[in-house]
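> how would this look folded up:
(3 chains)
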Amino acid sequence: MSLPFQVVVLWSDALFFGLITAVVMLGMCTRRQAPLRQSWARVASDKVAMVSATILAAFLFVGVLDSLHYRAQLDAVPGQAVAQKINYAVEVNSLLDVLLAPLRLHPEKTYSAPLATHLFSKEPLPGSIERGFPRLAWGGGHLGKALEHRTIDIVQRSALGAAGGLLLWLMLVSAMRLRFNRHNHVIDSAEKIPNGTQSAGAGNAARKTSRRAASHAAMLTLLVLFLIMGITMALGSGYHVLGTDKVGQDVLYLSLKSIRTGLLIGTLTTLVMLPMAVLLGILAGYLGGWVDDVIQYLYTTLNSIPGVLLIAAAVLMMQVVIDTHPDWFATSAERADARLLALCLILGMTSWTGLARLLRGETLKLRELEFVQAARAFGVSHFAIMQRHILPNLMHIVLIALVMDFSGLVLAEAVLSYVGVGVDPATISFGTMINAARMELARDPMVWWSLAAAFTFMFILVLAANLLTDAVRDAFDPRTAA
Amino acid sequence: MYQCTNASPSRGGSVYFAPMLAYIIRRLLYAVPILLGVNLITFVLFFVVNSPDDMARMQLGIKRVTPEAIQKWKAERGYDQPLIWNATAVGSAGMAHLTETVFFNKSMRMFAGDFGRADDGRDIASEIKHRAWPSLAIAVPTFILGLGVAIAFALLLVFFRATRLDFFGVVLCVAMMSISGLFYIIGGQWLVAKVWHWVPISGYATGLTAAKFLVLPVFIGVIAGLGASARWYRTIFLEEITRDYVRTARAKGASESAVLFRHVLRNAMIPILTGVVAVIPTLFMGSLLTESFFGIPGLGSYTIEAINAQDFAVVRAMVFIGSVLYILGLLATDISYTLADPRVSLK
Amino acid sequence: MSLLNVSNLVIDIGAARPVDGVSFSIAAGECFALLGESGCGKSMTALALMRLLPPGAKVSQGQIEFAGTPLLTLPENRMRQVRGGGIGMIFQEPATSLNPVMRIGHQIGEALALHEQLQGVAARARAVELLTQVGIPDPVRRLDEFPFQLSGGMKQRVMIAMALAGRPRLLIADEPTTALDVTIQAQVLDVLDALRRKQGMAVLLITHDLGVVARMADRVGVMYAGQLIEEAPRAQFFAHPAHPYSVRLFAALPDPARRGGHLATIPGNVPPADTRYTGCRFVDRCPEALTQCRESAPEWRAVTSDQKMRCFLERSMSAKKTDTEKVGSDDATALQGGQVKNAFLAVEDGDTAAEDNDDAVVPPLLTVNDLHVHFPIRRGLLQRTVGHVRAVDGISLQLRAGRTLALVGESGCGKTTAGKAILQLIPPTAGQVYLNSQPLTGLSVSELRPLRAQMQMIFQDPFASLNPRMRVGDIIAEGMRALGLQKESQKDTTQRIAALLGRVGLGAEMASRYPHEFSGGQRQRIAIARALAVNPALLICDEPTSALDVSVQAQILNLLAQLQREQQLAFLFITHNIAVVDYLAHEVAVMYLGRIVERGTTDEVLRNPQHPYTQALLAAVLPVHRPVAAVTRLTGEMPSAAKPPLGCHFHPRCPHADAACRTTDPAEVTISATHSARCLKLKN
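Next up, the predicted model:
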């Protein structure tokens, strides 16, 4: 018995999940390292940070759903006796596509406003010579002729959705509370043993209250998210909540699909450049001499090329390569995926220099510190010194760079796609959405919802990332963490 | 690169400038291998990853590809020579082996300011000269106003540090830097030009009439950069304000504004300069987005047009010029350092 | 009537209370010293007087009255007139306390404009006058210079000139000489003292250094954990300290009378600032504590008519004991006296003689021959080497097992570089180093590795010498692992680490903790355990106690002395602290500008110094128990090692220098079998 579908693991999916696993494993490691755990505890007791983290987690959840790809099995062609070979659809879909099937599979003809029941522009009505606003195929289709009930219907659906969201939230909260209480108890007893003194107790209590306030804030955020989700789902089953674009695609669907692209560009790029930046930065700073000269030459050269131009040149060239080798890719999804990865690679190549320079400078300082001198006095090998003494003391910089780069990259994707050197035009992203909608504000009457949706989703994602970055930097930067 | 001197030689006359001159010459010499490296990278990207044949095929389109068409396309643009080594060339002392190649003609000639011709047949060098002015007309006011506004805003926040004003100012900064640059342009154009009809949406003119076309892009440029830079400057100011010499100034009886303007600002300018001066030469390159949205015939829109038309000669030229300007920016940074910080002298 | 009255001052920072009910007063023209170890709240008190507390800290109770004006309720603009005008202040770090990008003249001019309404030429003239007063040569030229062009001592003089610009009636000096070398400290204190007497200015001196207090103060207040615990006139305080803490501070001072013996230490550390107390704050560290001390906090109690303390104890046991001890040490601290006269030291000498006999048989553990470390200076278009910083310029040393050789010198003389070059952490430019007759110079990294177990180093800064991301156990085990000494199983390693921790006075359970959980003294113990882990024969100690408080310093010195007795360890002890040298070292080498100018046994060098620099260095040390003798101070400062003077390196500062000294490099002159110096004025 075979599955009714074929699991497709795109390269970007594999890397994305690999990255998530790596982050989780790193998290487990840091739990055992007291200084790092303290820094994370500081992040966890920051209200803004926890709210941002919750929102980011929601975005991540959407991204993960959108990264589980499959190809549906095609129905056996009648006439063929027994299917010798199962055929799969050319189209690669994700779990998110399945969940959003109602939105994806019910396109309109062209623009329609959010929650509208009619098209936005006048068209020749079917069966008449007059021009008017035709009814939408999906939006409000269930209302039939009773269009006057639209407002009531929307209110009813919203209330129902909100109730559903609230219920789900309550269930989740009570489940978490059960687990958290037990967990908290363990931590309490563990922390009491080393710090017996009064003073430490006072500090702990203060930290615990702020931690509790922060987790409450996170819970409230979760409630808001659940309410929005419930309402959107309830409305989405009958309307295009955020309207449709020029070719009639649902804007909400496009926005949700864009999240994965943004997340991938924001994370994979840094992942690609990280090993190189860390390795070269430490080597240049620690070894000095000609190694330093060569590495400095390398990054000054790369840095001297204006970023956008280097990316543009590389993307143009990559485009030629992809175009001249259509046989490399089985599906268009794979081709778009290859282009996405290549973009990450190119962005990574142009952005590792900053981190490498930062790490080189910091290594220069660390190299002169007395604990490194002490290790050298024991004859510890250069490699072991770099790995045991230099690298762990640079990790906070790497972490800060990681989170700081994320928001910049998400914004950069939009600009690059707009310029035409971003993701594949077939890939749904904030950039391609904005690019497609660039002239819509100039229309009369103007079409605002595509742009508004793209910018709002992007703004929330980037703002949450920026706020979390601030908290992470404050907690991990030794200058501010004191 | 820099060295702090703790001796106290007199800093007048030739004693001061001779090392500086030597330093500048050394840095300019160092620029040569960097530019060679840049050329090599672009050369590899444009001619090795894809052969001129590939480019010809793409430019000509699938339908008209014949070996003759490809040869003609290459010959028109001078891509019919070997890439790096011309084995068949004859010339004085064998130099022709190197000079009659694509690498020499397309990459090395850029050192002499010869950028060749664009696909539409126009001379790239003169086009660049022509288009630099509109770019500067936008970039320079944006840069100066942006710097002034950001520093003033940061100083305001620092003056009211640890108050609600400071808190909301920082939140505003973070929110502003979380907004896509595209939104500032699209939203600004829509609101100011389309709804309010204050200025034309786009276009450009020469002379003083250019001002009405420049107001909006400059304004948007300043606003778009404000969040990130004001927040950065605020961090620098705050770091500076914890230093011991600030405490000394207060112990002298100096007022808070004297402390801020006479002591903190002057010292904070040193790190700010590093970030800012490096940018000045690259102002020539113009802004890709602003220029293309506002229809300003500068280098930024030139670049975008070239990218969209896949005009490799222009892209290559812009890469080269960008690198030269970047290196000039580094040099300017170092020199401005010596002017701003008496402790630094170039060696 | 007193000029300054502080009553019941309480400062809070969040939950912490660094200053808790401090009251004192200063009369016009008086010098009052606040004495205490780091973290006791003395600097916080000073900043509160100026209303310059750091953000987050606030005065929550108490009164400050200056010249009849309550300062805490003064509006900010009136307070600004007091700052600089009524009260001047100088700080610990002259290097960072001046605005680096503002000319000296402008910085002084700023104060003159604010408080004297002087501008332009008049201000300039007054600034020149001020700089002359604080003893800055060529003041007109200095006005247009930037702080980085001045040395540390000069910067502190500029700070003083700036504080004096507003003609304050009270000067707050917060550790004014802690960052300076001893010869420079003496110069700066002379300037301060002369100005105070001439201008009738009151001084609030904040310091941890008993020597500075003895030199400067009229009255002393001892602070501990946020409270004043004893107050007395200087003479009374130094003759008869009353509070058990004060008594122990004296006892913890290294002193030749206790050489080879045990220094009194104060166990434990100063409690953190957020501790809540029920009884006496010192009770946990006080060996004489009564039950009463735990139950209620002691109030002020008069000991004599002008001495008071917060303690329940009669000034009896401990104070009596140290009084008698001090009689002996008074004689022994005759640093400048120049002759040995103490029976105790005579015994020590006999001991040395006995060991000398063994010398013929036992080769020295460490031999350094003509060691040079030069760093190239590159300039110009091609970055050619245009000169060298001669950090170490030909030093020779010998050290036998179980002995301590002190390498003494001021900062920048090359002593730390020498230590690192001996360990081959910095490649020497020339010269040889032999360890157990094996040459170390010119060996490859792998050839050197087996020898590294025999020599280890302890660093100055206990906060930088331990990797913050490693557990204490791993830190200690690192050396064993790297040198392949860890053949045994994991369990044995754990036991060995536990044993080492026990050895340095720490608990075995601390192996699983991270360095940030430890205090400075504890960290230094960990660093010692790390070095001991590989069983070295030679320990190079680079100022191991200079970052520590006196009471903790005593603990570390005791530990080192004990280790030497038990394991026949040899120490190369790099330091600038003469008192520590006198207590700890068998032999002394005095370094100046990359060269050793004098060496010999401790008694020879410290009691009978021959080189003018050694004499000046010893003269600059502030004695604790006697009034300062009127001696000629060393003028000027050490030149740069990039451009050492021709001839004798010391001639520009030497009071006896003549033409020959400027051209001829002095050879080593033997004074006795063990004592030699490099000076042209000495004859064999």
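> Any buried residues in whichever helix or strand B:V174 is part of, and which?
For B:V174, the host element (DSSP states H and E) is helix B:164-177. Of the residues in helix B:164-177, those with enough neighbours to count as buried (16 or more other CB atoms under 10 Å in any protein chain shown) are B:166, B:169-170, B:172-174, B:176-177. Placement of C-beta: from N, CA and C, glycine included.
> Convert it to PDB, retaining C-alpha atoms only.
Extracted as PDB, the C-alpha positions of helix B:164-177 are listed here (Å, rounded to 0.1, in the frame of the first residue of the first chain):
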ATOM      1  CA  ARG B 164       9.100  58.400  28.500                       C
ATOM      2  CA  LEU B 165      10.100  60.600  25.600                       C
ATOM      3  CA  ASP B 166      13.300  58.600  25.200                       C
ATOM      4  CA  PHE B 167      11.400  55.300  25.400                       C
ATOM      5  CA  PHE B 168       8.900  56.200  22.800                       C
ATOM      6  CA  GLY B 169      11.500  57.800  20.600                       C
ATOM      7  CA  VAL B 170      13.400  54.500  20.600                       C
ATOM      8  CA  VAL B 171      10.200  52.600  19.800                       C
ATOM      9  CA  LEU B 172       9.500  54.900  17.000                       C
ATOM     10  CA  CYS B 173      13.000  54.400  15.600                       C
ATOM     11  CA  VAL B 174      12.600  50.600  15.700                       C
ATOM     12  CA  ALA B 175       9.300  50.800  14.100                       C
ATOM     13  CA  MET B 176      10.600  53.100  11.400                       C
ATOM     14  CA  MET B 177      13.500  50.900  10.600                       C
END
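> Now do it: everything it contacts.
By CB atoms under 8 Å, 6 or more residues apart in numbering or on different chains, the residues outside helix B:164-177 that reach it are A:463, A:466-467, A:470, B:153, B:156-158, B:160, B:223, B:226-228, B:230-231, B:234.
> Compare those residues and tell me which is most surrounded.
With neighbours set by other CB atoms under 10 Å in any protein chain shown, the maximum within those is found at B:A230, which has 26 neighbours.
> Spit out the contact partners of the residue nearest to A:L345 when sequence neighbours are not counted.
For A:L345, the nearest residue in space outside its immediate sequence neighbours is A:V272; the separation is 5.5 Å by CB to CB, 6 or more residues apart in numbering or on different chains. If a contact means CB under 8 Å, 6+ apart, then A:V272 has A:344-345, A:348-349 as its contacts.
> now C:Q63
Contacts of C:Q63 were listed using CB under 8 Å, 6+ apart, and they are C:5-9, C:70, C:72.
> repeat that for 6 Å
Applying CB atoms under 6 Å, 6 or more residues apart in numbering or on different chains, one finds that C:Q63 lies in contact with C:S7.
> Can you tell me the SS state at it?
strand (DSSP: H, G, I helix; E, B strand; the rest coil).
> Quick one, grab the pLDDT at residue 374.
Picked chain A for this. The pLDDT attached to A:A374 in the predicted structure is 91.
> should've been chain C
The score at C:H374 is 92. That number is its pLDDT.
> tell me which element it is part of?
Taking DSSP H and E as the criterion, C:H374 maps to strand C:366-379.
> Sort out which residues of that strand are buried, please.
Of the residues in strand C:366-379, those buried under the neighbour-count criterion (16+ other CB under 10 Å) are C:366-369, C:371-375, C:379.
> Looking at those, which one is closest to chain B?
Nearest to chain B among the buried residues of strand C:366-379 is C:R379, at 5.6 Å by CB to the nearest CB.
> What values do phi and psi take at the residue lying closest to the closest one once chain neighbours are set aside?
Beyond its immediate neighbours in the sequence, the residue positioned closest to C:R379 (CB to CB, 6+ apart) is C:V386, lying 4.6 Å away. Here the main-chain torsion angles of C:V386 (degrees, to the nearest 10) amount to phi -100, psi -10.
> now C:V386: how far from B:A22?
Here C:V386 is placed at a distance of 12 Å from B:A22 (CB to CB, to the nearest Å).
> quick one: contacts for residue 291?
Just going to use chain A. Applying CB under 6 Å, 6+ apart, one finds that A:V291 lies in contact with A:L283.
> Actually, chain B is the one I wanted.
Counting by CB under 6 Å, 6+ apart, B:E291 touches B:298, B:300-301.
> got it, and A:V472?
By CB under 6 Å, 6+ apart, A:V472 lies in contact with A:43, A:403.
> Which of the three states applies to it?
Under the three-state scheme (three-state DSSP), A:V472 adopts helix.
> Give me the spatial nearest neighbour of B:Y204, chain neighbours excluded.
Closest residue to B:Y204 in three dimensions, ignoring its sequence neighbours and counting by CB to CB, 6+ apart: B:I296, at 4.8 Å.
> Compute the first-to-last residue distance for stretch C:441-454.
Using CA to CA, to the nearest Å, the gap from the first to the last residue of stretch C:441-454 comes to 15 Å.
> oh, I was asking about stretch B:279-287
Using CA to CA, one end of stretch B:279-287 lies 12 Å from the other.
> Check the average confidence over that stretch, would you?
If you average the pLDDT values across stretch B:279-287, you get 81.
> Give me the residues contacting it.
The contact list for stretch B:279-287 (CB under 6 Å, 6+ apart) reads B:132, B:135, B:139, B:143, B:298-300, B:322, B:325, B:328-329.
> mind listing which of those are in strands?
Residues of the contacts of stretch B:279-287 located in strands (DSSP state E): none.
> Identify, from those residues, the entry nearest to chain C.
Nearest to chain C among the contacts of stretch B:279-287, counting by CB to the nearest CB, is B:L328 at 19.2 Å.
> can you count the residues close to the residue lying closest to that closest one once chain neighbours are set aside?
Ranked by CB to CB, 6+ apart and with sequence neighbours excluded, the top spatial neighbour of B:L328 is B:P281, at 4.3 Å. Counted with other CB under 10 Å, the burial measure for B:P281 works out to 19 neighbours.
> Could you do A:M171 as well?
The local packing of A:M171 (other CB under 10 Å) involves 10 other residues.
> about what we covered before: Throw the contacts of B:E291 into a markdown table and include distance to chain C, thanks.
Formatted as a markdown table, those follow (distance: CB to the nearest CB, whole Å):
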| residue | distance to chain C |
| --- | --- |
| B:G298 | 37 |
| B:G300 | 37 |
| B:S301 | 41 |
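> Restrict those residues to the buried ones and give me that as a PyMOL selection.
Applying 16+ other CB under 10 Å to the contacts of B:E291 leaves a buried subset, and the PyMOL line that selects it is:
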select buried, chain B and resi 298+300+301
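> on that earlier part again, export the contacts of stretch B:279-287 to a markdown table and tack on pLDDT?
Written out in a markdown table, the entries for the contacts of stretch B:279-287 read as follows (pLDDT from 0 to 100):
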| residue | pLDDT |
| --- | --- |
| B:A132 | 88 |
| B:S135 | 89 |
| B:A139 | 90 |
| B:F143 | 93 |
| B:G298 | 88 |
| B:L299 | 90 |
| B:G300 | 88 |
| B:G322 | 89 |
| B:L325 | 90 |
| B:L328 | 89 |
| B:G329 | 89 |
